[in-house]
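**Student:** The following comprises the amino acid sequence and a computationally predicted model.
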Amino acid sequence: MKIFRCDHCGQALFFENVRCLHCGSDLAFLPDRLALCAVEPVPDGVPGIWQRKTGRASLARARYRLCHNHGTWQACNFAVPEHDPNPLCVSCRQTRVLPDLSVPDNQQRWYRIELAKRRLFFTLARLGLVRTDPPPGERDGPVYEFLADLPGQKVLTGHCNGLITLNVAEADDAERVKRRVELHEPYRTLLGHLRHESGHYYWDRLIQEGGRVAAFREVFGDESVDYAQALAAHYARGGTLPNWQEQHVSAYATAHPWEDWAETWAHYLHMVDLLETAASYGTRVVVPGNGEDIVDEVDSPFEPQTDFDHLVEQWVPVTLLVNSLNRSLGQEDAYPFALSAGALRKLRFVHDVIHEPAAAARPQAGQPVSAPACVTEGVSPP
């Protein structure tokens with residue numbers, strides 16, 4: 001995530017901020033500008049209407065309301081254009097079912113999930129995959145349900161026909177670590193979950209509907225094999241395959257081509273977000289070597305449309321730095337992965353699909369047809 005600056009005083013701001021600690025300005029994220037901005041009430045005194053806190057009249061004309069979830073729950077810092085009748089911002093309106101907020105701790109769980117979802121929204125918007133200005137009142141992108149287990153009714157995280165379901169227990173650190181250990185996963189986070197599930201959503205949009213099934217199968221394999229049987233076989237063999245690293249970004253990616261795509265998709269979003277963060281700080285990494293140091297400077301400003309090979313050249317030194325910093329603090333590696341040539345081939349496919357011109361994505365005559373992906377994650381090994 002990039003670092004923003006207060007457009008009133010210039011102080012560095014973080015994506016989650018609602019007030020500038022230097023000048024005291026109120027802040028709101030303006031999705032139509034993909035920017036965190038200082039805002040102030042409009043000068044004519046219309047209650048609940050805000051504008052950018054800037055002397056440039058051309059920028060000050062746009063008017064906004066704060067998202068309903070900001071005023072009611074202090075759970076969002078996105079703004080809504082004044083003309084949009086929907087009380088929720090473009091991210092919050094994607095969520096159609098909330099957990100019971102009267103249950104202790106559910107409000108905090110929901111806040112953490114929505115925060116991760118807004119970060120995902122930002123990355124998807126940067127990649128041109130979700131609209132920041134849908135028609136008034138409407139929403140774009142996946143639909144979400146955040147649910148809690150009930151007696152005799154376990155909520156399973158998954159995706160089906162555009163709906164992403166997430167068990168709110170994943171917002172509890174202890175529960176998430178427990179599941180990570182049970183499922184032999186080196187990495188399990190809320191943001192990682194949402195990135196992974198968005199991969200299933202965009203498989204439907206970009207692969208199945210985009211006429212790319214044949215090209216997908218050449219890289220990831222035949223997704224028409226029975227998903228339930230493949231997942232059962234995955235857990236029966238202990239959740240891994242010998243030498244899985246040669247072709248996959250994670251052990252779970254070996255379960256089924258749909259999971260391979262979703263894991264690779266999530267990994268690509270990791271790359272884009274981390275490199276944009278590094279670019280915001282003007283990161284320059286010098287990796288000591290035998291005789292000649294490896295020097296890498298992350299492009300600033302960072303552009304996700306960058307040539308894929310160049311992305312990888314910047315990625316490797318940055319992940320070495322991140323892991324080294326974590327180890328210095330006694331923490332586990334933030335990036336517990338090693339990318340093989342086979343995994344990089346799949347990541348390149350994701351990159352090319354995202355940035356391919358729209359005209360090239362039209363289905364071709366005779367293109368094999370595949371059903372949309374309906375998947376369930378987080379099932380404990382039998």
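**Tutor:** Perfect, thanks for sending it. Numbers count the residues shown, from 1 in each chain.

**Student:** for the chain, which strand is longest?
**Tutor:** The longest strand of the chain (DSSP state E) is strand 35-41.

**Student:** tell me the contacts of His310?
**Tutor:** Asp299 (C-beta atoms under 8 Å, 6 or more residues apart in numbering). Glycine gets a C-beta too; all of them are placed from N, C-alpha and C.

**Student:** circling back to that earlier point, buried set for the longest strand of the chain?
**Tutor:** Within strand 35-41, the residues scored as buried using 16 or more other C-beta atoms under 10 Å are 36-39.

**Student:** Then stretch 158-169?
**Tutor:** For stretch 158-169, by 16+ other C-beta under 10 Å, it's 158-159, 163-169.

**Student:** from the residues you listed, which is closest to Asn69?
**Tutor:** Checking the buried residues of stretch 158-169 against Asn69 by C-beta to C-beta gives Val168 as the nearest, at 15.7 Å.

**Student:** wait, isn't the closest one in contact with Asp100?
**Tutor:** No: Val168 is beyond contact range of Asp100, at 9.6 Å (criterion: C-beta atoms under 8 Å).

**Student:** Determine the residues that are contacts of both of the two.
**Tutor:** In contact with both Val168 and Asp100: 106, 148, using C-beta under 8 Å, 6+ apart.

**Student:** Quickly note the distance from the closest residue to His248 other than its chain neighbours to Phe308.
**Tutor:** Spatial nearest neighbour of His248, chain neighbours left out: Thr254 (5.5 Å); criterion: C-beta to C-beta, 6 or more residues apart in numbering. Here Thr254 is placed at a distance of 23 Å from Phe308 (C-beta to C-beta, to the nearest Å).

**Student:** Ile113 - how many residues pack around it?
**Tutor:** 24 (other C-beta atoms under 10 Å).

**Student:** The host helix or strand of it: which residues count as buried?
**Tutor:** Using DSSP states H and E, Ile113 sits within helix 106-126. Neighbour counts over helix 106-126 (16+ other C-beta under 10 Å) mark 106-107, 109-126 as buried.

**Student:** Now do it, average pLDDT.
**Tutor:** Mean pLDDT, helix 106-126: 95.

**Student:** Mind giving me the packing neighbours of that helix?
**Tutor:** On a contact count with 3 or more C-beta pairs under 8 Å, 6 or more residues apart in numbering; DSSP states H and E, helix 106-126 meets helix 68-73, strand 143-147, helix 190-202, helix 257-280.
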